[in-house]
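In: 3D, please:
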Amino acid sequence: MTGVRIEADRVSVHLPVFNINSLSLKKNLLRLGTNGRIHAGSKHLVIEALRSISFVFEEGDRVGIVGLNGAGKTTLLRTIAGIFRPTGGRLDVVGRVVPLLMVGAGMYDDASGYENIRSCALQHGMSVPEIEAKIDEIAEFTALGTYLSLPLYTYSAGMRMRLSYAVATAIESDILVLDEVIGAGDAVFAQTCAQRFSALLGRTRIIVLATHDSGSIRRYCNKALLLREGQVTDFGPTEGVLKTYERTIAQMA
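Out: Residues are numbered from 1 along each chain as shown. Predicted structure coming up:
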């Protein structure tokens, strides 16, 4: 296998739910109400979050993951990112993966803006030399000036978002995994952020984006993958998959 690539071959992910030993009736009701995706074991429930899914994402693919709540979208992103391990099948991921699943996670109120830049960048997998090479550019983009030397608890919500957004969009990766399109939340800042986000997508070799917003899928993705109850029900060019997904939503209305 050569080049940047993600290949899933009958991948399953089972997630245990602990500390419900006394809820035998609830276990049975959950199992019946989820088409068998939840199994009652002797000590815990096991949720079949992904059920024998297969696909190949190749260099240049921008794949939108769609599906109703509970379909397995977030589990798939976390499995690609290495946060969850498959319990069955084979998943090959070739390339450096950066998961932007919780932008702003891991920031510390008592640390300064500069300290949080370094901390968040390390958590996203950047090396110390990479961080030092980019820190001035990140700081400039935030437009926070002297606030970067102050602790985070002095920041407004909008200032926090600027800081986390600047770090997230500075990271270099082969494969970018996103749960919803990164937003900046500040109308004045929005156009600059949109340009920076587009540049990030342009230099990334595979993008996997999960979102409920069909408009974002159409804008950013050339392919889409539809999940239903942990299984792949459609995968291919964006428009065809989205039409299938939108018909499913309409039938449920």
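
In: which outside residues touch the helix or strand where Ser54 lies?
Out: Applying DSSP states H and E as the criterion places Ser54 in strand 45-58. The contact list for strand 45-58 (Cβ atoms under 8 Å, 6 or more residues apart in numbering) reads 3-17, 20, 27, 30, 36-39, 63, 72, 75-76, 79, 86, 88-89, 206, 208, 223, 225, 227, 229-232, 235. Quick note: C-beta positions are derived from backbone N, CA and C, even for glycine.

In: Dump stretch 6-13 to PDB, keeping only the CA atoms.
Out: C-alpha atoms of stretch 6-13 as PDB (Å, rounded to 0.1, in the frame of the first residue of the first chain):
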ATOM      1  CA  ILE A   6      -7.500   4.900   4.800                       C
ATOM      2  CA  GLU A   7      -8.800   1.400   4.200                       C
ATOM      3  CA  ALA A   8     -11.400  -0.300   6.300                       C
ATOM      4  CA  ASP A   9     -12.000  -4.000   5.800                       C
ATOM      5  CA  ARG A  10     -15.100  -5.200   7.700                       C
ATOM      6  CA  VAL A  11     -14.300  -3.000  10.700                       C
ATOM      7  CA  SER A  12     -16.400  -3.300  13.800                       C
ATOM      8  CA  VAL A  13     -16.200  -1.300  17.000                       C
END
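
In: List the contacts of it.
Out: With Cβ under 8 Å, 6+ apart as the criterion, stretch 6-13 contacts 1, 48-57, 72, 75, 79-80, 84-94, 175, 206, 208.

In: same thing with stretch 213-224?
Out: Contacts of stretch 213-224 with the rest of the structure, by Cβ under 8 Å, 6+ apart, involve 57, 60-66, 180-181, 201, 207, 209, 211, 234-239, 241-242, 245-246.

In: PyMOL command to pick out the buried ones of these?
Out: For anyone working in PyMOL, the buried entries among these, judged by 16 or more other Cβ atoms under 10 Å, can be selected with:
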select buried, resi 57+61+62+63+64+65+66+181+201+207+209+211+234+235+238+241+242+245
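
In: rewinding a little: which of the contacts of stretch 6-13 count as buried?
Out: Among the contacts of stretch 6-13, those classed as buried by neighbour count (16+ other Cβ under 10 Å) are 48-51, 53, 55, 57, 72, 75, 79-80, 84, 86, 89, 91, 93-94, 175, 206, 208.

In: in the stretch 51-200 of the chain, which spans are helices?
Out: Taking DSSP state H, counting those that start in this stretch, the helices of the stretch 51-200 of the chain run over residues 73-80, 113-123, 128-142, 157-168, 187-202.

In: Report all helices and strands that the second one contacts.
Out: Packing partners of helix 113-123 (3 or more Cβ pairs under 8 Å, 6 or more residues apart in numbering; DSSP states H and E): helix 128-142, helix 157-168.

In: Now mean pLDDT too, for those, in TSV please.
Out: Putting the helices and strands packed on helix 113-123 into TSV (pLDDT from 0 to 100) gives the following:
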stretch	mean pLDDT
helix 128-142	93
helix 157-168	87
